[in-house]
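Asks: here's a sequence, model it:
(one chain, ligands or ions: 2)
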Amino acid sequence: MDRLQGYAEILDGAALNACATRQLTHSDPGLSVADAYRIQKLSVDRRLARGERRIGVKMGLTSRAKMLQVGVDEVAWGRLTDAMLIEEGSAMSRVRFVHPRVEPEVAFLMKAPLSGRVTGAAALAAVEAIAPAMEIIDSRYENFKFSLCDVIADNTSSSGLVIGPWNDPAKDFSNLGVILEINGFVTEVGSTAAILGHPLRSLVAAARLVAEAGEQINAGDIVMAGGITAAPSLAPGQTVRTTIQGLGTVTFQVEA
Ligand code: OOG
Ligand code: MG
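Replies: Numbers count the residues shown, from 1 in each chain. Ligands and ions are numbered 1, 2, ... in the order given. Below you'll find the predicted structure:
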């Protein structure tokens, strides 16, 4: 336990100081996925102890594009806090991050709790609204390089999220066109179908994985379904915008 607590402190400190650290598995190759989720919880608990509030969960590595980009081919989840929220249309400060990247995503707003093995229909019935969104990921590891256990311990690189307009979840959101623009240039294109074939599958997986950790998705939670395309790096002065067909647009700037 002390060993895992020590890792949690290292990763929390790396995030707090925006200073990259070495991969845990380089010096501790025996780390298991269960250990990694323990470290994640211990590290996020430190944030909660400093006054941050839990606002939901994120799924990661739910698309081929993301799996290929980072060389990890299993889905993982992480915890979101209010300190990660970036106001839609506002500027984020680059100095808070080590080497941030942006991902176009779909966000769910929950109106009922969800936990364990559920059907797609049950998951959809627990959704209040869906929105076009972006996640800012920032690995706390040097060179944005990690194994599955490293990235899980590092709260699956969570560091920021921006949510666009909320839509009625009765819309068919299984295969909507997605465009990510940086400074007005189309940088990535994709479809919501890139998320496990249907974003709802990511919510079903989230309910199961969160329950395996003895927790649940609560009413009022935000669930980020995972990146649709590869994640481009962010640089000062950029304007970043994601548009999802029929759902709307979400934007932020990177402070110059
Ligand atoms: C891991 C987190 C991936 C997603 O949406 O797939 C993720 C990483 O690429 O750093 O958030
Ligand atoms: Mg993501």
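
Asks: so which residue of the stretch 1-150 of the chain comes closest to ligand 2?
Replies: Distances between the stretch 1-150 of the chain and ligand 2 by CB to the ion are smallest at E135, namely 3.8 Å. All C-beta atoms are positioned from the backbone trio N, CA, C, and that covers glycine.

Asks: whichever residue of the stretch 151-256 of the chain sits closest to ligand 2: what's it in contact with?
Replies: Among the residues of the stretch 151-256 of the chain, G227 lies closest to ligand 2, at 4.4 Å counting by CB to the ion. Neighbouring residues of G227 by CB atoms under 8 Å, 6 or more residues apart in numbering: 60, 62-63, 65-66, 103-105, 135, 137.

Asks: and if you look at C19?
Replies: For C19, the contacting residues are 13, 98, by CB under 8 Å, 6+ apart.

Asks: tell me the gap between stretch 189-199 and the middle of its chain.
Replies: Distance, stretch centre to chain centre, for stretch 189-199: 15 Å (CA atoms, centre = their mean, to the nearest Å).

Asks: what average pLDDT does that stretch get?
Replies: The average pLDDT for stretch 189-199 rounds to 98.

Asks: same check, this time on stretch 86-96
Replies: Throughout stretch 86-96, pLDDT has a mean value of 94.

Asks: now it - C-alpha only, PDB.
Replies: Output of stretch 86-96 as PDB, limited to C-alpha atoms (Å, rounded to 0.1, in the frame of the first residue of the first chain):
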ATOM      1  CA  ILE A  86     -12.700  24.600 -19.000                       C
ATOM      2  CA  GLU A  87     -15.500  27.100 -19.700                       C
ATOM      3  CA  GLU A  88     -16.800  26.700 -23.300                       C
ATOM      4  CA  GLY A  89     -15.400  29.500 -25.500                       C
ATOM      5  CA  SER A  90     -12.700  30.500 -23.000                       C
ATOM      6  CA  ALA A  91      -8.900  30.400 -23.000                       C
ATOM      7  CA  MET A  92      -7.000  27.700 -21.100                       C
ATOM      8  CA  SER A  93      -3.600  28.400 -19.700                       C
ATOM      9  CA  ARG A  94      -0.900  26.300 -21.400                       C
ATOM     10  CA  VAL A  95       1.400  26.600 -18.300                       C
ATOM     11  CA  ARG A  96      -0.800  24.300 -16.200                       C
END
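
Asks: list the buried ones in that stretch?
Replies: For stretch 86-96, a neighbour-count test (16 or more other CB atoms under 10 Å) marks 86, 88, 91-92, 94, 96 as buried.
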